[in-house]
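In: got a sequence here, can you build the structure:
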Amino acid sequence: MALSAELIFLGDLIAIFSIYLVVNLSLNLEFGFGGVPNFGKVLAVAAGAFVVGTIPFGVYGLMLDYGGLEPVDDNIMLVHQINAYIAENPETVFVVFAITLIVAVGVGGLLGLVSAYPAIRLRGDYLAITLLAFGEIIRIVGINYTPLVGGTLGISVPDMLSFVPNEYRFLTASFVLLAFAGVAYLLVARFTKSPVGRLLRATRDDDLALQTLGRDPVKVKFKVMMLAGMLGAVGGVMYASYVEGVVAFGYDRLNWTFLPFVMIIVGGMANNKGVLVGTFLFVVIRKLVIYYNDSLDGLLPFDIIWLDYLALGGLMILVLIFRPHGIIPERPQKAKDLEKG
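Out: Okay, the predicted model is just below:
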């Protein structure tokens, strides 16, 4: 049974929304709550994706014994072999995906720790530019070191839902990603409402005052960047698994750093509901523009490929003019709220 165009549109919208929501929640932890302008958000996302391009091949290699075949050189053959094995042994998926996710979270946390060192000594523009450079490093490595994820051509990765019938696989993937995003949202919401969330806000607003209270803002920044790196890597795992491939060129500053910044600014920084709304508006507008681009082609005085950027840029300008703190701004905490926390 072939899926209708409307179902494909809806499924893809749910999937992309779920992926970006996880990435944006991680950025909101760093920038919205912690005040760290991480312009290298792509670092954690790409790291998670690169783990998807390596670990499953290694784990399934132990099960299947490839006989000298390499994941990059014999990519299509190995992916076909693994997918056939998954279809017959679906129970292996949970083990392999769990291992992949654990490794990705560990790598994301480690990279978050490494990129946190500049946050100790630098502030403002200098810190943002330094973190931006960190984000570029992993993409350059992925492009130029072919054994990692296939260099400029990239690689296909196993379809973890090969055991699901074809007509249900696409929508199943979308709702699995939505479940991941739901869990991430609940965990982050719980975390930011705890005393740790208030500690993050205090670090962002006045770390000198925080030191006078006996707290170390350096340790707070280390921890929040590690946690955000872990969550960003989960977003990378979700995206690479969804598109069933990893191409280093796809992990650029625009899609995985600047657009997440736009989404959390539009929705409202340091407010998880605002991030949810901003992400949803962004993804819906972009998907609608892409879906109807053929109908609009020729009606506009510019190339249709620029319409989504113009629409999203216009939305951001309007929000900054009329609601400079976002659609759902950060809610100020009163003394009675602190007593409840």
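
In: need the longest helix for this structure.
Out: helix 91-121 (DSSP state H).

In: show me which residues of that one are buried.
Out: Of all the residues in helix 91-121, those buried under the rule 16 or more other CB atoms under 10 Å are 92-93, 96-97, 100-101, 103-105, 107-109, 111-112, 115-116, 118-119. Any C-beta I mention is one placed from the backbone N, CA and C, and that applies to glycine too.

In: which residues touch the one helix or strand Met77 maps to?
Out: Using DSSP states H and E, Met77 maps to helix 75-88. With CB atoms under 8 Å, 6 or more residues apart in numbering as the test, helix 75-88 has contacts from 56-57, 60, 63-64, 66, 69, 71, 92-93, 150, 155-160, 162-163.

In: among these, which ones are in strands?
Out: Among those, the ones falling in strands (DSSP state E) are Ile155, Ser156.

In: let's see the PyMOL selection covering just the buried ones among the contacts of helix 75-88.
Out: In PyMOL, this line selects whichever of the contacts of helix 75-88 come out buried by 16+ other CB under 10 Å:
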select buried, resi 56+57+60+66+71+92+93+150+155+156+157+158+159+160+162+163
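
In: so which of the contacts of helix 75-88 belong to helices?
Out: Using DSSP H to define helices, the subset of the contacts of helix 75-88 located there is Pro56, Phe57, Tyr60, Met63, Leu64, Thr92, Val93.

In: CSV for these, including pLDDT and distance to Lys273?
Out: Listed next are the ones in helices among the contacts of helix 75-88 as CSV, based on pLDDT from 0 to 100; distance: CB to CB, whole Å:
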residue, pLDDT, distance to Lys273
Pro56, 97, 35
Phe57, 96, 39
Tyr60, 96, 40
Met63, 93, 43
Leu64, 93, 46
Thr92, 96, 38
Val93, 96, 33
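
In: flag the shaky bits of the stretch 51-200 of the chain, pLDDT-wise.
Out: The stretch 51-200 of the chain contains residues with pLDDT under 70 at 119.

In: just to revisit the earlier point, in the helix holding Met77, what's buried?
Out: Buried residues in helix 75-88, counted by 16+ other CB under 10 Å: Asn75, Leu78, Val79, Gln81, Ile82, Asn83, Tyr85, Ile86.

In: out of the residues you listed, who's nearest Leu25?
Out: Ile86 (29.6 Å; CB to CB).

In: thought Ala189 was touching Val275?
Out: No - applying CB atoms under 8 Å, one finds Ala189 not in contact with Val275, separated by 10.1 Å.

In: please say which of these two ends up with more neighbours.
Out: Val275 (30 against 15; other CB atoms under 10 Å).

In: can you name the residues that contact the more buried one?
Out: Contacts of Val275 by CB under 8 Å, 6+ apart are Leu21, Asn24, Leu25, Asn28, Gly32, Met263, Ile264, Gly267, Gly268.

In: how much space between the fourth one and Val72?
Out: The span separating Asn28 from Val72 equals 35 Å under the rule CB to CB, to the nearest Å.

In: who's more crowded, these two?
Out: Taking neighbours as other CB under 10 Å, Asn28 and Val72 compare with Asn28 leading, 28 against 18.

In: how much space separates Tyr145 from Pro90?
Out: 33 Å.

In: how about Leu3?
Out: Using CB to CB, Leu3 is found at 22 Å from Pro90.

In: and for Pro329?
Out: Distance from Pro329 to Pro90, counting by CB to CB: 46 Å.

In: do Tyr117 as well
Out: 43 Å.

In: what is the burial count for Val52?
Out: 30.

In: my guess is it contacts Val246, does it?
Out: Yes - taking contacts as CB under 8 Å, Val52 lies within contact range of Val246: 6.3 Å.

In: shared neighbours of those two, which are they?
Out: Listed contacts common to Val52 and Val246 are Val157, Ala240; contacts here mean CB under 8 Å, 6+ apart.

In: low-confidence regions, the stretch 201-341 of the chain specifically.
Out: Filtered on pLDDT under 70, the stretch 201-341 of the chain yields the residue ranges 333-341.

In: how about a cut-off of 90?
Out: Filtered on pLDDT under 90, the stretch 201-341 of the chain yields the residue ranges 202-222, 288-316, 320, 331-341.

In: at which residues are the helices of it located?
Out: Taking DSSP state H, counting those that start in this stretch as the criterion, the stretch 201-341 of the chain carries its helices at 207-212, 217-243, 253, 259-267, 272-291, 293-296, 307-322, 335-340.

In: ok, and what's touching the fourth one?
Out: With CB under 8 Å, 6+ apart as the contact definition, helix 259-267 has outside contacts at 20, 23-24, 27-28, 31-32, 39, 41, 273-279, 281-282, 312, 315-316, 319-320, 326-328.

In: residues in contact with Leu29?
Out: Here Leu29 is in contact with Val188, Phe191, Thr192, Leu200, Val224, Leu227, Ala228, Leu231 (criterion: CB under 8 Å, 6+ apart).

In: my hunch is that it is in a strand, does that hold up?
Out: No - using DSSP: H, G, I helix; E, B strand; the rest coil, the assignment for Leu29 is helix, not a strand.

In: and the residue located most distally from the centre of the chain, how far is that from Pro37?
Out: In the chain, counting by CA atoms, centre = their mean, Thr212 sits farthest out from the average C-alpha position, at 35.5 Å. As defined by CB to CB, Thr212 lies at a distance of 25 Å from Pro37.
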